[in-house]
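Q: okay, here's the prediction I keep looking at, along with the sequence it came from:
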Amino acid sequence: MSGQVRWFMPFIVLILLTVGCSYEEQSPSGEMPEMIKVQLMIPDKVSVKEDVALQIKLTQGDQPVNDADHVQFQVWNEQDEPEASLDQGMMSAEELESRGATKAVSIGDGVYEVNYTFQEPGVYVVQAHVTSGAMHTMPRTKVTVE
C-alpha cells in the first residue's frame, strides 16, 4: 500500500501545479478577452504656463472602457528621465503617485483626462499608466514646450 501512495503523491502534486498555474482569465464564452488599446490624445507643442488637457481614449475591442482600475499620467523633462531599477517590477498606483504621477478622471466615452501646466520650456515625456482588469499598458509620447 505504501508503494502505491508514493507513486500517486507526485502525480497528484503535478496535476495540482499544472491546473493552478495555467489559469487564464477568460470571457464566459471561453475566449480570451481582447487587449485594451490606448490612444494618446496629447498635443505635440504647447506654450509655457498654458493649461493643457492630457487625454487618452481607452477601448477594448470596439467598446470604450469607462471603468479602468487606474489611469495615471507621469510627466518629466526628457533630460531628467526617472531611473527604474530592475528590482522594482510594476509599480502600484500609490507608488506612481508618490513619484509624481497624477490620477486621471473619466470624462465618458472611454476618455480619461488630467489638466497639466508646463512651467518651463523644453521637451517633455508624457507617459500614461493604464490598468484595466489584468491588463496594463504604458504608452508615452513627447511634447515640446515653447
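A: That came through, no problem.

Q: any idea how far Met35 is from the most centrally placed residue in the chain?
A: With distances taken as C-alpha atoms, centre = their mean, the chain has Val130 as the residue nearest its mean C-alpha position (2.9 Å). Val130 sits at a distance of 11 Å from Met35 (criterion: C-beta to C-beta, to the nearest Å). (Glycine included, C-beta is placed from N, CA and C.)

Q: ok, Gln119 next?
A: 36 Å.

Q: between those two, who's got more neighbours?
A: Relative neighbour count places Met35 above the other of Gln119 and Met35, with 11 against 8, counting by other C-beta atoms under 10 Å.

Q: correct me, but that one touches Ala134?
A: No - Met35 lies out of contact with Ala134 (C-beta atoms under 8 Å); the separation is 10.7 Å.

Q: now do the contacts for the residue lying closest to Lys45 once chain neighbours are set aside.
A: Take Lys45 and drop its neighbours on the chain: the residue closest to it by C-beta to C-beta, 6 or more residues apart in numbering is Thr144, 4.8 Å away. Counting by C-beta atoms under 8 Å, 6 or more residues apart in numbering, Thr144 makes contact with 44-46, 122-124.

Q: of all the residues you listed, which comes closest to Arg99?
A: Using C-beta to C-beta, Tyr124 is the member of the contacts of Thr144 that lies nearest Arg99, at 15.5 Å.
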